[in-house]
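# Here you go, sequence then predicted model.
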Amino acid sequence: SKLGWHYIFYKGATRPFKDPMEWSTLIELLNEDYEDLVNSNIINVPSAAQWLFERMDNIREKLDLGREFGKIPWGIRIAAGKAIEAEVAEFLKEKNKTASADKKNKTIVIELARGGANGAKMPLTPPQGYASAFEMFSEHILNRASILYVWVTPEESRRKNYERAKPNGESSILNHGVPLEVMLGEYGCDDMAYLIETSDKPNTVKVERTVTVKKKGKDVFATKKWNIPVARFDNREDLTTFIRKDPKEWGKEEYKKMYKGLSDAMKTLAELS
């Protein structure tokens, strides 16, 4: 890189993760953010960037991936921190603001996309896919979760990816682009339909994992199961791209189609939850 250090997470600037297990670090970040949110935890630190580096290393150590930021020479780490300090400080400010807000009668939305390689067979091999992600969510999340699946074909997803991407939009939610190698290797298919079809209860995704429980005073392993309610918002014919435009330019018919599709899915989810 420009600072004289190799890429930590990626094979290159437009390449996939070096280690696919990095997908798991992202789930652990979500688990931490959820706990901070529901417990109104406020984080005050001298440097937001250095806090983020330590946070990432702590999670990676938990997953036996190593403390990569700890290996960076201090001068390079300080320079890297300065380069992103303003951006991370703004993120932390928003995170604290959200955590301090009144959460009564509010719904917490966790957004993520997971998939596997183009043409992959089911079930997907961890850590790829929704199954692997759900298995890593904290019990606090799984105990209260419902799933709204925005149904888009991989081909349509790639089309939207190219249409929304803008130069220097990497940090933008609306205008970032994902390299084709990643789109085909990580989002070439997904396992949501498979999870719904193979669940032991209709309109749910079954999540199972091994947990430690007390039995006769001893710690023993047991299997814990959740059936997470799921509803699909069918967006295969693209009902949503128009909302990127100024609201004054929205067409009445396209708004009605989007509203009906989303309303039907949310109604189904409410009935299941």
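The structure has been received and is ready for your questions.
# What ranges does the stretch 1-150 of the chain have for its helices?
All helices of the stretch 1-150 of the chain, identified by DSSP state H, counting those that start in this stretch, fall at 22-38, 48-62, 74-100, 129-136, 139-142.
# winner for burial among these?
Of those, the one with the most neighbours on average (mean count of other CB atoms under 10 Å) is helix 129-136, at a mean of 22. Where you see a C-beta, it was placed from the backbone N, CA and C, and this is true even at glycine.
# what helices or strands is that helix leaning on?
Counting contacts by 3 or more CB pairs under 8 Å, 6 or more residues apart in numbering; DSSP states H and E, helix 129-136 packs against helix 22-38, helix 192-198, strand 204-215.
# helices or strands up against the helix or strand of the chain with the lowest mean pLDDT?
The helix or strand of the chain with the poorest confidence is helix 154-164; it has a mean of 90 (mean pLDDT, DSSP states H and E). Other elements packing on helix 154-164 under the criterion 3+ CB pairs under 8 Å, 6+ apart are helix 180-186.
# counting contacts, what elements does the helix it packs on pack onto?
Helix 180-186 packs on helix 154-164, going by 3+ CB pairs under 8 Å, 6+ apart.
# Extract the CA atoms of the helix it packs on and return them as CSV.
Below are the C-alpha coordinates for helix 154-164, written out as CSV (Å, rounded to 0.1, in the frame of the first residue of the first chain):
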residue,chain,number,x,y,z
PRO,A,154,-27.6,-13.1,-8.8
GLU,A,155,-27.9,-11.7,-12.4
GLU,A,156,-30.1,-8.9,-11.3
SER,A,157,-27.8,-8.3,-8.3
ARG,A,158,-24.8,-7.9,-10.6
ARG,A,159,-26.7,-5.5,-12.9
LYS,A,160,-27.7,-3.3,-9.9
ASN,A,161,-24.1,-3.4,-8.6
TYR,A,162,-22.8,-1.9,-11.8
GLU,A,163,-25.6,0.7,-12.2
ARG,A,164,-25.2,2.1,-8.7
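# list the buried ones in that helix?
Of all the residues in helix 154-164, those buried under the rule 16 or more other CB atoms under 10 Å are 154, 157-158, 161, 164.
# Give me the residues contacting it.
Helix 154-164 is contacted from outside by 115, 118, 152, 174-178, 180, 183, 187-190, 235-236, 238, 241, 244, using CB atoms under 8 Å, 6 or more residues apart in numbering.
# Among those residues, name the ones in strands.
Applying DSSP state E to the contacts of helix 154-164, no entry is found in strands.
# which one of the buried residues of helix 154-164 is nearest D36?
For the buried residues of helix 154-164, the residue nearest D36 by CB to CB is R164; the value is 29.4 Å.
# State the distance from that closest one to K216.
Using CB to CB, to the nearest Å, we find R164 at a distance of 57 Å from K216.
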